[in-house]
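In: just coords:
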Ligand code: XMP
């Protein structure tokens, strides 16, 4: 690849991929590499600059990760962030000490000198800090460019040496003007040509996948969600009919969803691939019969899913690779080794056990969700897939409290369809992170015409969230809500009451089970 690029040099920080993504937002290619990288590779003329990441260590202690000092002699611009900033000071003759008061979170900062890195910053702004060490002396020839109450050296730089550093994290959203410093570094200081686009990503991945799998067959579990759909579209471009997509219809999908997925990826769709749909509704309903305990339901759905998936894939021969729609946030989540198990997510770590693959194909593993969506649009996927709200692997199985039956699934599907239709009509669909209908297992007395009814209560939920770890309920305007409720009780047989779940997460979760 002959495009300009910025290497993000990894010292173990939490936000490393986010830094690379912020660079890509400037239309310049960026990738994360280990700090042990061979110095020769850094001499490549397409590499225009380096960003040193944060990290959990103290740079003055023995065995802390340190970059080879040769990098400073290359003359290419360097931007050190947090640990990166401290390490530069430490290696070039400044001083780093343990801070008496460590800073964490949003912090006020004052810009106190002219700065190429902080060009266009307001004199007083807010940044995100997360550190227990601080720089107490900058190396000779460097200028301190900003400070906070507890951190007299919040950033420093030397135009002559082409080295820039911030104690704060410009890549994190809480640093209000952070993206400006990334732009200043990438475009003004490194003088990169902003030519990188998502199209370039597609071309690169096609080339990489072809190199990885050659003429071998690749299997992909297609769920209808954005990530696996984008992988399918991408691999279809790369390897065409050597791609086998297995789509398991567990009968717990939303109304028409299985048909919509088939219309896009099936033989009548525009993608060159093999689409295998396994209709397994009856098997799932049978296995779920009479099961009410949420974890047990999830486990049954997960195990049955694998059973069906394996049955289908056993019919294929010579499949050597497994493709997955892993994206970057999935990798962070798995890596964190989440402390308490709240719910078992069946699609995390649930790989076919009996199948032996030569390798995994994960072309989206370094992308964030919005980048995945952009790539999906470029690959011609319809909007309803690209902008689909999250839908859990166990589907409506965890939106029906208590035992699952075909009748209950139908009720939720119809109610959910109406809910989604009205929310979209009111133009609220882009504003709400996730909204759906669920079935409380409660039946109550109502009156319809002159008759008594004893029917189910539907629960509606709508939440706003950035990370799905916490969420706030959304207030839906009364007129929209009235239309939704009227339509559900009038059009969905078996429902005589609709309730709105206005609880935050925590203490609730987003799903009901
Ligand atoms: P909760 O209910 O835990 O949901 O607040 C947080 C987000 O995760 C989705 N979710 C799942 N996604 N498999 C998935 O793929 C699952 O088993 C699962 N359970 C919950 C949920 O829809 C929400 O977006």
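Out: Nice, I can see it. Remember, predicted model here, so these are calculated numbers, not experimental data. Numbers count the residues shown, from 1 in each chain.

In: So residue 132 belongs to a helix, correct?
Out: No - assigned with DSSP: H, G, I helix; E, B strand; the rest coil, residue 132 falls outside any helix and is strand.

In: Report the contact partners of it.
Out: 58, 98, 99, 102 (C-beta atoms under 8 Å, 6 or more residues apart in numbering). Every residue, glycine included, has its C-beta placed from N, CA and C.

In: Give the buried residues for stretch 184-199.
Out: When neighbours are counted by 16 or more other C-beta atoms under 10 Å, the buried residues of stretch 184-199 are found to be 184, 185, 186, 189, 190, 192, 196, 198.

In: so who does the residue lying closest to residue 70 once chain neighbours are set aside touch?
Out: Counting by C-beta to C-beta, 6 or more residues apart in numbering, the nearest residue to residue 70 once its immediate chain neighbours are dropped is residue 39, at 4.9 Å. The neighbours of residue 39, taking C-beta under 8 Å, 6+ apart as the test, are 68, 70, 71.

In: Isn't the last one up against residue 50?
Out: What it means is residue 71. Yes - if you go by C-beta atoms under 8 Å, residue 71 and residue 50 touch, sitting 6.8 Å apart.

In: shared neighbours of the two, which are they?
Out: Counting by C-beta under 8 Å, 6+ apart, the contacts common to residue 71 and residue 50 are 42, 78.

In: Just the buried residues of stretch 184-199: which are in strands?
Out: When DSSP state E defines the strands, the subset of the buried residues of stretch 184-199 inside them is empty.

In: In three-state terms, label residue 174 for me.
Out: The local conformation at residue 174, judged by three-state DSSP, is coil.

In: got the contact list for it?
Out: Contact partners of residue 174, counting by C-beta under 8 Å, 6+ apart, are 105, 106, 126, 127, 128.

In: What degree of burial does the second one show, as a neighbour count?
Out: Put plainly, it is residue 106. Other residues within reach of residue 106 by the criterion other C-beta atoms under 10 Å amount to 14.

In: Give the other helices and strands that the helix or strand where it lies contacts.
Out: When elements are defined using DSSP states H and E, residue 106 is found to belong to strand 95-111. Helices and strands in packing contact with strand 95-111 are listed as helix 83-91, strand 124-137, strand 143-147; criterion 3 or more C-beta pairs under 8 Å, 6 or more residues apart in numbering; DSSP states H and E.

In: got CSV for these, with distance to the ligand and mean pLDDT too?
Out: Output for the helices and strands packed on strand 95-111, formatted as CSV (distance: least, C-beta to the nearest ligand atom, whole Å; pLDDT from 0 to 100):
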stretch, distance to the ligand, mean pLDDT
helix 83-91, 31, 98
strand 124-137, 24, 96
strand 143-147, 38, 98
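
In: quick revisit: who has more neighbours, residue 71 and residue 50?
Out: When neighbours are counted by other C-beta under 10 Å, residue 50 comes out ahead of the other of residue 71 and residue 50, with 23 against 19.

In: distance of that one from the ligand?
Out: When C-beta to the nearest ligand atom, to the nearest Å is applied, the distance between residue 50 and the ligand equals 36 Å.

In: Show me what the helix or strand that residue falls within is packed against.
Out: Secondary structure here is read from DSSP H and E; on that basis residue 50 sits in strand 47-52. Counting contacts by 3+ C-beta pairs under 8 Å, 6+ apart, strand 47-52 packs against strand 5-10, strand 78-81, helix 83-91.

In: re earlier: nearest to the ligand, of the contacts of residue 39?
Out: For the ligand, the closest of the contacts of residue 39 turns out to be residue 71, at 41.4 Å, with distances computed as C-beta to the nearest ligand atom.

In: So the closest one, which state does it fall into?
Out: Secondary structure state of residue 71, per three-state DSSP, is helix.

In: restrict the buried residues of stretch 184-199 to contacts with the ligand.
Out: When C-beta under 6 Å from any ligand atom is applied, no member of the buried residues of stretch 184-199 is adjacent to the ligand.

In: going on from the helix or strand of the chain with the lowest mean pLDDT, what's the next piece of helix or strand?
Out: Across the helices and strands of the chain, the lowest-confidence element by mean pLDDT, DSSP states H and E is helix 328-335, at a mean of 67. On the C-terminal side of helix 328-335, the closest following helix or strand by DSSP H and E is strand 359-361.

In: Indicate each strand paired with that following strand and its parallel or antiparallel sense.
Out: Its sheet considered, strand 359-361 pairs with strand 319-323 (parallel) by DSSP bridges.

In: mind listing what's buried in the strand it pairs with?
Out: 319, 321, 322, 323.

In: Am I right that residue 48 is in contact with residue 75?
Out: No - contact criterion C-beta under 8 Å: residue 48 and residue 75 do not qualify, at 11.5 Å.

In: which one of those two has more residues nearby?
Out: More neighbours sit around residue 48 than around the other of residue 48 and residue 75, counting by other C-beta under 10 Å; the figures are 20 against 9.

In: Give the closest residue to the more buried one in space, chain neighbours not counted.
Out: residue 190 (4.2 Å).

In: my read: that neighbour touches residue 50, true?
Out: No - between residue 190 and residue 50 no contact is recorded; they are 9.1 Å apart, counting by C-beta under 8 Å.

In: anything in contact with each of those two?
Out: Both residue 190 and residue 50 are in contact with 6, 76, 77, where contact means C-beta under 8 Å, 6+ apart.

In: closest to residue 375 among these?
Out: Set against residue 375, the nearest of the shared contacts of residue 190 and residue 50 by C-beta to C-beta is residue 6 (20.2 Å).

In: burial of the closest one, as a residue count?
Out: The local packing of residue 6 (other C-beta under 10 Å) involves 26 other residues.

In: That one and the ligand, how far apart?
Out: Distance check for residue 6 against the ligand: by C-beta to the nearest ligand atom, it reads 33 Å.

In: Same question for residue 452.
Out: Distance, residue 452 to the ligand, by C-beta to the nearest ligand atom: 35 Å.

In: quick one: residue 314 and residue 307, what's the gap?
Out: Taking C-beta to C-beta, to the nearest Å as the measure, residue 314 falls 11 Å from residue 307.

In: about what we covered before: pick out the most distant pair among the buried residues of strand 319-323.
Out: Of all pairs drawn from the buried residues of strand 319-323, the one with the longest distance (C-beta to C-beta) is 319 and 323, at 10.3 Å.

In: in the stretch 101-250 of the chain, which spans are helices?
Out: 178-183, 198-213, 226-239 (DSSP state H, counting those that start in this stretch).

In: For those helices, give me a markdown table that also has mean pLDDT.
Out: Rendered in a markdown table, the data for those read as follows (pLDDT from 0 to 100):
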| stretch | mean pLDDT |
| --- | --- |
| helix 178-183 | 98 |
| helix 198-213 | 94 |
| helix 226-239 | 97 |
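
In: now these as TSV including distance to residue 384?
Out: Formatted as TSV, the helices of the stretch 101-250 of the chain follow (distance: least, C-beta to C-beta, whole Å):
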stretch	distance to residue 384
helix 178-183	30
helix 198-213	20
helix 226-239	10
